[in-house]
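Engineer: Turn this into a model:
(chains A and B)
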Amino acid sequence: MSDLRVTVQHAEQRDDRVVTIGTTAADLFAADRSVIAARVGGRQRDLAYVLADGDVVEPITVGSPDGRAIVRHSTAHVVAQAVQDLFPKAKLGIGPPIQNGFYYDFDVEKPFAAEDLKAIEKRAREIVKAGQKFSRRVVSDDEARAELADEPYKLELIGLKSGSGTGDGADASDASVEVGEGELTIYDNLDAKTGELCWKDLCRGPHVPTTRHIPAFAVQRSAAAYWRGSEKNPQLQRIYGTAWESKEALAEHQHMLAEAEKRDHRRLGAELDLFSFPTELGPGLAVFHPKGGAIRTVMEDYSRRRHIEAGYEFVNTPHITKSTLYEISGHLDWFADGMYPPMSLDGGTDYYLKPMNCPMHILIFKSRGRSYRELPLRLFEFGTVYRYEKSGVVHGLTRVRGLTQDDAHLFCARDQLPDELDNTLKFVLGLLRDYGLTDFYLELSTRPEGKAIGTDEEWVEATQLLREAAEKQGLELVMDPGGGAFYGPKISVQAKDAIGRTWQLSTIQVDFQMPQRFEMEYQAADGTRQRPFMIHRALFGTIERFFAILLEHYAGAMPPWLAPVQAVGIPITDDHVPYLKDIAAKLSAKGIRAEVDSSDNRMQKKIRDAQKQKVPYMLIAGDDDVAKGAVSFRYRDGSQRNGVPVDEAVAEIVDAVDRRIQV
RNA sequence: GCCGAAGUAGCUCAGUGGCAGAGCAAUCGCCUCGUAAGCGAUAGGUCGCGGGUUCAAUCCCCGCCUUCGGCUCCA
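Structural biologist: Next up, the predicted model:
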């Protein structure tokens, strides 16, 4: 009986160790209870893994990203076991870890009700407490088929795996958690005392050693989901849950969810009187109230100013057009599902609400002969478009049916494309930073297979141009295969908000197709006719959506330059109203949106109201202030500054607005 | 579009097969006050819409509309 040599790899250091045959990963890390799995030669393994000579073994701790995923995956198993305990007829779908949690899909006769979820969580807690052992077992395809004869979805996964050999892209990614690559494995859940089989599931693993190694979890909600993500397939009932390395981490996550709910722009929109969705208008059609309108106006005005500085020209186009335009552009072939149905006018001519601005901007280009001297030509419009989104997808201001894009189309010569893309990206990122978003990464979306026009060469070239521009920005670049529009690939700017959520904002697309379809041309220096290249670019994405993102980012407490009411005067008694009105007039003269609360409420109540409206500056005045020609500031954080001379107070507010700082 | 849940006063929400309730907001009065809710009164509802069951429906059943959670899709 000989010994084995293994290497224990910690973050910084390596330990060479000699151990006896039969030593497991668990033995190596027995001293550290936070270790729940191991990576051996780059592959994740259970702690029960028996070491081989020469193995390089790295611990996976419960709180690491991999560790959390393992805990969540194991919790998904526990929940599935609980479901099958309570609903023996439930058939298993898949149950992978996802960001911040996990889900598991089930085919059940009746969807889960709220009480069902409670019962499932209760049963899952019992299973966790029981400390069942996760035990891995390699099986052949045929053995797996025999054991899982009652699990039609698992059988389908086995078929997929043995059928195609390699993973077939995005579709297989979630399912790979179950079957993985190479050999099939089943995980048995064994009773802690008797070793009796409690439950089993086809699974790649790894898992925590026992259910007791699940420190904290919660069942969250259920919803329907299509089997393997296709609406052609039956719908299963999905249970979402979350699991964490400690009760504290779970509580923190739940606190974050509560915080996100408080920031929900739909809630803030009502509380701050910014916008609403009157049912009389129909789903996804918003109206902006005066205060929401004030924010929008500032957003748009500032954006206009910056666009002028960057060499854009402003255009305007109608909201409705004959079908001809979208026949030429190809939208009716490729995008008709996303468009409102036509209205038939003038004895049979179809008119459509416009879903995109680009064809109209092309017509402006084509309105006369163009010279190479005019390029790059940058046409900009706050263009309102209408998209007939499926009824289940409209969501607040982030997903609407009537939306305004801050849309630009750049027309240039081939050799101008790289610079134009680079400049556009820089411009976009710079403007987003001015709105207070600073944490970005870029995503490159490539050709959508089966839903695209144009040749392979054109797509390769356009994609390459975008990639080069993206790589110049010094930001992380991630790929989004198949995510492009039908006419070209795109770069999108993803921004992280104040509580760590990422939002897709700007998109930049290279388009070889529209110029061809519309037979665009300009006259080059040598007198020849050339076809321009086209870049589509939306900066905010849509104003409505960007509005919502800013609102959630700032939790409604907009920086002064964007706040709908920038300062409110609060008199100690009615006697001080004229004095404050005078100050408000001084502020208005400087372009500040200022009001005086002259209601007959008590001053404490006025402060509360202003606080709830998240007004950045409260200007309080009583006898003391009037006597000194001063006001007293109260800021949103509750702090105060008393007896500030009026001119100084005005200057402070004007300065904060000018510098677009948050206070 | 699909699955599930919900819809009662401007908002947040109670409630019942037999005349519809609270708090906040609104309006009117009193109070004139120094940093998050002063007191009182008044007004406000076809209980989402349309059918059905019933002596009687806000409540039970069916359909539709809208919203919410997801799937799919996407800005």
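Engineer: quick one: buried residues of whatever helix or strand A:Thr324 lives in?
Structural biologist: If you go by DSSP states H and E, A:Thr324 is part of helix A:323-329. Of the residues in helix A:323-329, A:323, A:325-326, A:328-329 count as buried by neighbour count, 16 or more other Cβ atoms under 10 Å. The C-beta positions use only the backbone N, C-alpha and C, and glycine is treated the same way.
Engineer: swap in stretch A:281-296?
Structural biologist: Judged by neighbour count using 16+ other Cβ under 10 Å, the buried positions of stretch A:281-296 are A:284-286, A:288-289, A:291-292, A:294-296.
Engineer: That one and RNA strand B, are they touching?
Structural biologist: Yes - Stretch A:281-296 is in contact with RNA strand B by Cβ under 7 Å from any atom of the strand, via A:282-284.
Engineer: Kindly reformat these as JSON lines containing secondary structure and pLDDT.
Structural biologist: As requested, these are arranged in JSON lines below (DSSP: H, G, I helix; E, B strand; the rest coil; pLDDT from 0 to 100):
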{"residue": "A:Gly282", "secondary structure": "coil", "pLDDT": "86"}
{"residue": "A:Pro283", "secondary structure": "coil", "pLDDT": "89"}
{"residue": "A:Gly284", "secondary structure": "coil", "pLDDT": "91"}
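Engineer: Just checking, which helix or strand of chain A averages the lowest pLDDT?
Structural biologist: Using mean pLDDT, DSSP states H and E, the weakest-scoring helix or strand in chain A turns out to be helix A:170-173, at a mean of 40.
Engineer: hmm, back to that, which of the buried residues of helix A:323-329 sits closest to RNA strand B?
Structural biologist: The closest of the buried residues of helix A:323-329 to RNA strand B turns out to be A:Ser329 (Cβ to the nearest atom of the strand; 14.7 Å).
Engineer: Quick check: the gap between that closest one and A:Gln530.
Structural biologist: 21 Å (Cβ to Cβ, to the nearest Å).
Engineer: What number of residues are in the vicinity of the residue in chain A that RNA strand B sits nearest to?
Structural biologist: Closest approach between chain A and RNA strand B, counting by Cβ to the nearest atom of the strand: A:Gly392, at 2.1 Å. Using other Cβ atoms under 10 Å, A:Gly392 has 7 neighbouring residues.
Engineer: A:Thr24 now?
Structural biologist: Here the count is done by other Cβ under 10 Å, and A:Thr24 has 18 residues near it.
Engineer: Look up phi and psi at it.
Structural biologist: Here is the backbone geometry of A:Thr24 (degrees, to the nearest 10): phi -110, psi 170.
Engineer: Just confirm it contacts A:Ala52, I think it does.
Structural biologist: No - distance between A:Thr24 and A:Ala52: 11.2 Å, which falls outside the contact criterion (Cβ atoms under 8 Å).
Engineer: can you give me the strands for the stretch 451-600 of chain A?
Structural biologist: A:477-480, A:490-496, A:502-511, A:522-523, A:529-530, A:533-538, A:567-571, A:594-596 (DSSP state E, counting those that start in this stretch).
Engineer: closest one to A:Phe546 among the ones you listed?
Structural biologist: With Cβ to Cβ as the criterion, A:Phe546 lies closest to strand A:502-511 of the strands of the stretch 451-600 of chain A, at 6.8 Å.
Engineer: Check which helices and strands the closest one sits against.
Structural biologist: Based on contacts counted as 3 or more Cβ pairs under 8 Å, 6 or more residues apart in numbering; DSSP states H and E, the elements that strand A:502-511 packs against are helix A:417-434, helix A:456-471, strand A:490-496, strand A:533-538, helix A:543-553.
Engineer: residues making contact with the last one?
Structural biologist: The reference is to helix A:543-553. A:260, A:263-265, A:268-269, A:274, A:286, A:292, A:295-296, A:299-300, A:382, A:396-400, A:403-406, A:435-437, A:495, A:497-498, A:501, A:503, A:505, A:540, A:558, A:562 (Cβ atoms under 8 Å, 6 or more residues apart in numbering).
Engineer: Tell me how far that helix lies from the chain's centre.
Structural biologist: Here helix A:543-553 is found 12 Å from its chain centre; the criterion is Cα atoms, centre = their mean, to the nearest Å.
Engineer: Looking at that helix now, give me its mean pLDDT.
Structural biologist: Averaging pLDDT along helix A:543-553 gives 94.
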